[in-house]
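Q: Would you be able to build a 3D model of this:
(one chain, ligands or ions: 2)
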Amino acid sequence: MSLPIIDISPFLSPDEGDNRAARRATSAALHAACLQFGFFYLDLSAFVSPTVPEELSELARTFFHLPQEEKDKLSLSLQDNARGYARLKENVTNGKADNHEGLDFYKPVVNPDKTKPLWGENVYPTLPGFREKYEAWVEKMKALGLIVSKPMALGLGMTPDEVKDLLSLVDDSFWVMRAIGYPPLPDDHDGFSCGAHKDYGCLTFLYADPTPSALQVFLKDGVVPSSVVSNLALPAEQGDEEGIWINADPIPNCVVCNIGEMWEIWTNGMYKSTLHRVIHRSRNYRVPFFFEPNFDALIQPLAAVKRIQGSAPEKKPVVYGEFLMGKVSGNFAGGKGKYDD
Ligand SMILES: O=C(O)CCC(=O)C(=O)O
Ligand SMILES: [Fe+2]
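A: Residues are numbered from 1 along each chain as shown. Ligands and ions are numbered 1, 2, ... in the order given. Predicted coordinates for the structure are as follows:
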C-alpha cells in the first residue's frame, strides 16, 4: 500500500501536441489523489537536482549540532515568536511536547516589527552557504507551488479565467519553510517526534531524509479496502475516529506533498486535509516547505466545486493572513503549539 506518485513533468514543458494528453492525465491523477488521500508524492526528477535537498539536510545537521547557546542566539523568542529557532520539545501538539527542534522561516515582510506576531525578520545561521542555499530552495518551491496549482485547478474542471483567478491568490505566497532536527524518539517518550496534526495552508512539500516509518498518514475507515487494511501493522484509532496509520516513506527524487486546510475550504470539503504525525527512531534532518496563499487572499469555495457539488452547504470563507494570525497568536499565547486547533 503506497500513496500515488504524480509526475509533474508535463507542466514543465509547453501546452502543445502530445503534452496536452499528458497534462490531462497528471491533472486527473492529482484530483484522484486529493479525493482519496490528500497525500501523494511529486516526482521532481525533471525539476530538482537530487544533490540540492541533500545539501540542505547536511546544512541543517551542521546547525543542529552547534552548542545549545549558539542555537539559542537565533531563538524565536528573540524575534516575533514565529521566525527562528525552537528548542527540542519547545513545540507542543495535542498537549504533548514534540521531540524535535526546528528553525522556521517565513516570507519576509515590508516594515518588519518583531513585537507583532509573524512580523519580524528571518534569522539565518552564519554557516557558509546556509542562507544562499535555503533561499534558493524557497524560490524553487514557490515555483513548484505555482506549477502544481495548475493541474490541481484543471483536475477540478476550472475554466482558464478561473485558473488565472486561483493563481492570483497564491502568486505572492506567504510561505513557511522549516528545517527540523529529529533526535531518535526514546521508547519511554510520552508523545511523538511531531504529534498528529493537519497542515493549514495550501500545499506542503516535504523533503524527507530516507528514514522509513517516520512520517505516518491517517486514513479514515473506508479510504482503503479492508483487504489492504489487514496487511497493515500500525494500530488504528485517532481520537474517536476509526482508521489506520500508513507509512509515507520517502521515495528517491520525490517530495511528499499534502494538502492543507485552504484546499479543504476551496473544495468545500471535497478534498480533506489529512492528519499526519512523525515517529522518528533515528537521528535526522528534514525540510518541509509550506506553500500558502497570499497574506490577503480571500479563500472561499470555488465556483468549479459548486458545479460539481450542486447546492451543498458552504464552508465559511477566511482571509488567509487573519486565519494564520489567529492560529499563531492564539496558540502561542495560550500555551498551544503551532499545529494545535
Ligand atoms: O517531518 C515530517 O515528516 C513532517 C513534518 C510535518 O508534518 C510538519 O512540519 O508539518
Ligand atoms: Fe505537517
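
Q: Just want the most central residue of this structure.
A: Among the residues of the chain, Thr204 comes closest to the average C-alpha position under C-alpha atoms, centre = their mean, at 2.2 Å.

Q: For Ile259, see how far away that residue is.
A: As for Thr204, its distance to Ile259 is 8 Å (criterion: C-beta to C-beta, to the nearest Å). For the C-beta atoms, the positions are set from N, CA and C on the backbone; glycine is no exception.

Q: what's the answer for Ala46, then?
A: In terms of C-beta to C-beta, Ala46 sits 22 Å off from Ile259.

Q: the more surrounded of these two?
A: Under the criterion of other C-beta atoms under 10 Å, the comparison of Ala46 against Ile259 puts Ile259 first, with 27 against 13.

Q: correct me, but the more buried one touches Phe37?
A: No - the pair formed by Ile259 and Phe37 falls short of the contact definition of C-beta atoms under 8 Å, at 9.3 Å.

Q: Would you mark the buried spots in the helix or strand hosting Asp161?
A: Taking DSSP states H and E as the definition, one finds Asp161 inside helix 160-167. Neighbour-count burial for helix 160-167 flags Glu162, Val163, Leu166 (criterion: 16 or more other C-beta atoms under 10 Å).

Q: Find the nearest non-adjacent residue to Thr293, please.
A: Careful, residue 293 is Pro and not Thr. Leaving aside its sequence neighbours, Pro293 sits nearest to Tyr320 (C-beta to C-beta, 6 or more residues apart in numbering; 4.1 Å).

Q: do the same with Pro186
A: Asn99 (7.8 Å).

Q: and the one you found, how many neighbours?
A: Neighbours of Asn99 using other C-beta under 10 Å come to 23.

Q: Likewise for the one 3 residues further on?
A: Gly102: 24 surrounding residues under other C-beta under 10 Å.

Q: Name the surrounding residues that touch stretch 55-74.
A: The contact list for stretch 55-74, computed with C-beta atoms under 8 Å, 6 or more residues apart in numbering, reads 84-85, 87, 101, 103, 123, 125, 127, 129-130, 133-134, 137, 179-181, 207, 209, 284-287.

Q: Give me the distance between the residue nearest to Gly129 when sequence neighbours are not counted and ligand 1.
A: Excluding its sequence neighbours, the residue lying closest to Gly129 (C-beta to C-beta, 6+ apart) is Leu59, at 6.7 Å. Per C-beta to the nearest ligand atom, to the nearest Å, Leu59 is found 16 Å from ligand 1.

Q: now Gln216
A: For Gln216, the distance to ligand 1 - C-beta to the nearest ligand atom - is 9 Å.

Q: Lys306 too?
A: Lys306 is 30 Å from ligand 1, by C-beta to the nearest ligand atom.

Q: one step back: can you pull the contacts of the residue nearest to the centre of the chain?
A: Val256, Cys257, Asn258, Ile259, Gly260, Pro288, Phe289, Phe290, Phe291.

Q: so which helix or strand takes in Ala85?
A: You called it Ala, but residue 85 is Tyr. Short version, using DSSP H and E: Tyr85 is in strand 84-86.

Q: and if you look at Pro151?
A: Applying DSSP H and E as the criterion places Pro151 in helix 130-155.
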